[in-house]
Structures are given as structure tokens and as C-alpha cells.
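K.L.:
okay, structure incoming, though there's no sequence with it:
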């Protein structure tokens, strides 16, 4: 998405100081930061600052206010404070570097700005099931993207809904694609190589998504990042011109999803 890419350095900086613990989002200040740097006891300061940054991003009501926020000196000053802490405690912060703050912020940006924009391309280099067509090649068809994860119970629960939708609207040209990604582990959370995890994902696909055997499954973290899909399932509806018309993190009731597809197909 245009806006998320243009603010890539900001999002990367936020990710470098990510802390996932739920905390009260109090506005931080330079005095607190200096004290934390001097004492080396900065976990609480870091947590509250990250929560404040994320809260401010979530509160942006539209694309204009979000752009204003991302150029607000006060917002950037808080980020600078966190970068100071990051330099001081880089080793301790390493454990927090993959908590998904970038993905969560990308998701919130997409909720505001992705609908009505051209759908980002998917990475089709690796896949399971039928070979996926590119979104460009599917112009003329409505496309439903069903982002799922092998560990996700809500995805499995949503599968029958997607199956019925695929059957009901396939005759009208709807194409269902099910992007997924690697997480570094397989059954029971045990560490897995990419090859082992891919094999495990295929076993999950065959067992729990058997009714979606014709659904192409691109396997790529890049696809998830392009759509800010930090929540699974995430459902994205693209119209026949390649424009995103619906973006929803989380499961969707069948009636609501059908109504959205009816609106797209009738355009």
C-alpha cells in the first residue's frame, strides 16, 4: 500500500522497540526516558511508550488524520525517545523485536486506506494446492482472499463459510485464494524447518480445508505484510477491476460476506 511503504522507516523504527504486554498508554516524556537510560530499568517505560504510539495510531479516524499523525513532531519525539532506549538496551530489546507491532499498525492503516485502492500483488513463488493465478491475471473476476494460519482455530471455524461462499458464487466468477505463511513451528509449537512446516501446513490444509481443495494457497510472509494481515483470518474482497472493496480482520458471518460479494458482483 502506498502510505505504508512511504512510512516504512517509521514503522521499522517502531518495530525495533516493540513490546507486546498490555499496559496503560500514558504519554511518555524525556525525563522518564533519561531516568530509564541511566538506571537500565526501562521495561515499563518502553511498554507504556509503545502502547501510547500504538494507541495514537489506532485513534486516527481517516487517512488524512493518520498522515498528520505520522508527521506530528510530538509523535516523532516519542519515537526518538524509544530509539534512545533501544541504543542503550539493544540486547534486552532483541527479544521484543518480533512482537508484530509493524503488522498491527499496517493492519490499522489498511482498515483506513486500503479499501478503494488497487489490491497489492501477492507473492505466488511458493504455493500449495492449485497453482495461483496473479491478481492481474484475474481481472474480470471478483476475488476473495482468505488469509489463514495453520495454528488458527478461528480459520478452521470459518472454513465451512468460505466453502459455501465458493460454491454459491463460483458460478458467477468468484475466485477464492487462501494465502498463508510460515511461522517457524509446526504441531504442538515445535520448531520446524521451512520444508517441515510447509509439509505440516499441507496436512492441515488437506484435513481441515478439504472442502476448499480447489483454493490456491500462496505461502508467503510478504503477502501477509502487503495486506497487514496480522489477524487470522483476514478476509479481503477485490472487485473485477482489481480494487479492494472490503477488508475485514477476523471471521465474518456468512450473511454479511454474501452481501458484500453481491454488492461487488452487481457493480
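P.N.:
In hand now; what should we look at? For clarity, every value in this text was computed on a predicted model and none was experimentally measured. Residues are numbered from 1 along each chain as shown.

K.L.:
count of neighbours near residue 247?
P.N.:
By other C-beta atoms under 10 Å, 24 other residues sit near residue 247. In this view, the C-beta of every residue, glycine as well, is placed from N, C-alpha and C.

K.L.:
that one falls within a helix, correct?
P.N.:
No - Residue 247 is assigned strand when assessed by DSSP: H, G, I helix; E, B strand; the rest coil, not a helix.

K.L.:
that one pairs with what?
P.N.:
The partner list for residue 247 in beta bridges (DSSP bridges) reads residue 236.

K.L.:
report pLDDT for it.
P.N.:
At residue 247, the model reports a pLDDT of 92.

K.L.:
pretty sure it sits against residue 116.
P.N.:
No - assessed by C-beta atoms under 8 Å, residue 247 is found out of contact with residue 116, at 9.9 Å.

K.L.:
any stretches of the stretch 101-250 of the chain with poor pLDDT?
P.N.:
Scanning the stretch 101-250 of the chain for pLDDT under 70 picks out the ranges 101-113.

K.L.:
for it, which segments count as helices?
P.N.:
101-113, 153-170, 194-208, 221-226 (DSSP state H, counting those that start in this stretch).

K.L.:
take those and lay them out in a markdown table including mean neighbour count.
P.N.:
Shown next, in a markdown table, are those (neighbours: other C-beta atoms under 10 Å):
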| stretch | mean neighbour count |
| --- | --- |
| helix 101-113 | 21 |
| helix 153-170 | 17 |
| helix 194-208 | 16 |
| helix 221-226 | 18 |
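
K.L.:
figure out which of the ones you listed is closest to residue 266.
P.N.:
helix 153-170 (11.7 Å; C-beta to C-beta).

K.L.:
give me the angle between that closest one and helix 194-208.
P.N.:
Helix 153-170 runs at 60 degrees relative to helix 194-208, counting by axes from the mean of the first three to the mean of the last three C-alpha atoms, to 10 degrees.
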